[in-house]
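Participant: Below: sequence and its predicted model.
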Amino acid sequence: MENLQLAQRLRAFRKLKGFTQQELANRTGISLTVLGAVERGNRTVDADMLNIIAQTLEIEVRELTD
């Protein structure tokens, strides 16, 4: 999956759930810098990070990747 598409989906779900980047970073344990880079499409996401984000947003991983 292309980073930009994942970035757009992640940003959309984060906003839909009412989280700021800082709140999502705090809840996932992922640094704000890394999360911001992922949302801009500048950083790839490994499977573990993707799982943590999906669990925190209460969605399935496939909703971010399909």
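Facilitator: Thanks, I have the structure now.

Participant: now the chain, which segments are flagged as low pLDDT?
Facilitator: Scanning the chain for pLDDT under 70 picks out 1.

Participant: Assign the residue nearest the centre of the chain to helix, strand or coil.
Facilitator: Nearest to the mean C-alpha position of the chain, by CA atoms, centre = their mean, lies Leu10 at 4.4 Å. Of the three states, Leu10 takes helix under DSSP: H, G, I helix; E, B strand; the rest coil.

Participant: Just to check, Leu24 is in contact with Val34?
Facilitator: No. Using CB atoms under 8 Å, Leu24 makes no contact with Val34, being 11.1 Å away. C-beta: built from backbone N, CA, C; applies to glycine.

Participant: Could you check which of these two is surrounded by more residues?
Facilitator: Using other CB atoms under 10 Å as the criterion, Leu24 and Val34 rank with Leu24 on top: 20 against 15.

Participant: element containing the more buried one, please.
Facilitator: Assigned by DSSP states H and E, Leu24 belongs to helix 21-28.

Participant: Now find how far off-centre that helix is within its chain.
Facilitator: Centre-to-centre, helix 21-28 and its host chain are 10 Å apart (CA atoms, centre = their mean, to the nearest Å).

Participant: Residues touching whatever helix or strand comes next after it, excluding its own?
Facilitator: Remark: after helix 21-28, the chain's next helix or strand is helix 32-40, criterion DSSP H and E. Here helix 32-40 makes contact (CB atoms under 8 Å, 6 or more residues apart in numbering) with 3, 6-7, 10-11, 14, 21-22, 24-25, 28, 43, 45, 49.
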